[in-house]
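Asker: here's my sequence, what's the structure:
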Amino acid sequence: MRGRQTVRDMVLSMLAVGVVVWIGYLFLPHDASGDGVHTKDYRVAAASAKRAAPYPLLAPEGLSDRWRATSVTYEPASLGKGKGNAWHLGFVTPSGQYAAVEQSDLGRDAVLATTVAGGKPDGTAEVAGRSWERLQGPKERALTVQDGTGATTVLTGTASYEELAELAQALK
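Answerer: Below you'll find the model as predicted:
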C-alpha cells in the first residue's frame, strides 16, 4: 500500500511542477521570433548620444523591422579607453548577417584597425550622394567615409555590401 502512495505523490508533484513551469512560460518574456536574438531599442540611446557626441552622430531611420538592433553603446572619450568618443550600433540584418555602425573621432586608421582589422581597399560605393570606400577584411567587409565633421564612420560586419549600403542609405 505504501508503494502506491509514493507513486501517486510523485505524479501529483510532477503535475504541480508542470503547471508552475507552464504559467512561468506564459508570463515571462521570451524571444517571439524563436531564433535566440535579443533585440534592443536603440532610439533613446541614439538621441542621448547625439546630444553628447562632439560630431554629428549617425543612426538609421526607416529601416524595416527585419533589421534587429542587438547592441548599442556610446562611450565618451572621458572614460579613457583610448577609443575617443565612440558610437556603436549593431544589427542582425534581414539575411541573418551582422552589420554595425561604428563612429569615432579618433583618426581614420585607428578606427579601421579596430573595426576591419586587415581590411584591404575594394573599390568604392555611391550611396545617398556620398562616396564610401569599400574594404574587405578576412572575416568582414566595410563601407567607410570620413567627412569634415571630425568623425570617421564605418559600417562593418559579415553583411553583404548591398546590406551595408542599405544601412548607409538610412543613416541620418
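Asker: looks to me like E166 is in a helix.
Answerer: Yes: E166: assigned to a helix according to DSSP: H, G, I helix; E, B strand; the rest coil.
Asker: now do it, the pLDDT please.
Answerer: pLDDT, E166: 98.
Asker: repeat that for the one 3 residues further on.
Answerer: pLDDT recorded at Q169 is 97.
Asker: and for A128?
Answerer: 87.
Asker: how much space separates it from A45?
Answerer: 23 Å (C-beta to C-beta, to the nearest Å). C-beta coordinates here come from the backbone N, C-alpha and C atoms, glycine included.
Asker: with neighbour numbers in mind, choose between the two.
Answerer: A45 (17 against 11; other C-beta atoms under 10 Å).
Asker: surely that one forms part of a strand?
Answerer: No: per three-state DSSP, A45 lies outside any strand segment and is helix.
Asker: show me what contacts it?
Answerer: V72, T73, Y74 (C-beta atoms under 8 Å, 6 or more residues apart in numbering).
Asker: same thing with R66?
Answerer: R66 sits in contact with T93, P94, where contact means C-beta under 8 Å, 6+ apart.
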